[in-house]
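Undergrad: Make a model of this:
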Amino acid sequence: MKLVPMRFKGVEWHHNPREITFTFDKTVTETPSPFGKAAVQNLGRKNRLIQGEGELYGADCTRQFRRLLKLFKSGGSGVLAIPKLGTVYAVFERLTLKGMPKSDVLTYGFLFREVMEREKQDKRTVCTAQPGDTLWEISYRYGVGIDALVALNPQIKRPDEPLDGKEVALC
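TA: Take a look at the predicted model:
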């Protein structure tokens, strides 16, 4: 099986990053009391950080980096789809060029920050894909795992295939 590429706001990475780190964190406070005991309060989880690094290969590696830089500069949030790890609604926070570029290899780093939104309570059984939607975006929007969507929609050959106007089974 061919691994689908990482994708954000319709832009695919030609080569998946060699390293990706997910950081999960909570805000916890400790309040001391005058009697020697302390109260610990869990204030909930923070937005996840998704960071990594990789290489862009080929004679067009500089063009590939410029495409990522344009995506970074465009701002806004969108669905970040990472093969085997699912989707996250995120903001592209940092893009780093590492080391001296060579004629056919460029090393880069990235950081995405999750944007926590209220989960939609839409319990529909099918949806009509909007322009530019793929199974990844639909997976995030309706809270249905990508593996379940692939199994429910055998007519769709790749989860990154544009589905403009197609009906997609959700359960």
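Undergrad: could you say what helices and strands the longest helix along the chain packs with?
TA: Looking across the chain with DSSP state H, the single longest helix is helix 61-74. Packing partners of helix 61-74 (3 or more CB pairs under 8 Å, 6 or more residues apart in numbering; DSSP states H and E): strand 11-12, strand 49-57, strand 86-98, strand 105-114. C-beta: built from backbone N, CA, C; applies to glycine.
Undergrad: How about the second one, which residues are buried there?
TA: With burial defined by 16 or more other CB atoms under 10 Å, the residues of strand 49-57 counted as buried are 49-52, 54, 56.
Undergrad: Within its sheet, name the partner strands of that strand and how each one runs.
TA: strand 19-23 (antiparallel), strand 105-114 (antiparallel) (DSSP bridges).
Undergrad: Now tell me which of the helices and strands packed on helix 61-74 the model trusts least on average.
TA: Among those, strand 11-12 carries the lowest mean pLDDT, a mean of 86.
Undergrad: one step back: could you tell me the angle between the longest helix of the chain and strand 86-98?
TA: Helix 61-74 runs at 120 degrees relative to strand 86-98, counting by axes from the mean of the first three to the mean of the last three CA atoms, to 10 degrees.
Undergrad: Could I have the CA atoms of the helix or strand just after helix 61-74 written out in CSV?
TA: Going down the chain from helix 61-74, the next helix or strand is strand 77-82, by DSSP states H and E. Output of strand 77-82 as CSV, limited to C-alpha atoms (Å, rounded to 0.1, in the frame of the first residue of the first chain):
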residue,chain,number,x,y,z
SER,A,77,-6.1,27.4,10.0
GLY,A,78,-7.0,24.2,8.2
VAL,A,79,-7.0,20.5,8.4
LEU,A,80,-3.6,18.9,8.7
ALA,A,81,-3.7,15.3,7.5
ILE,A,82,-0.8,13.1,8.6
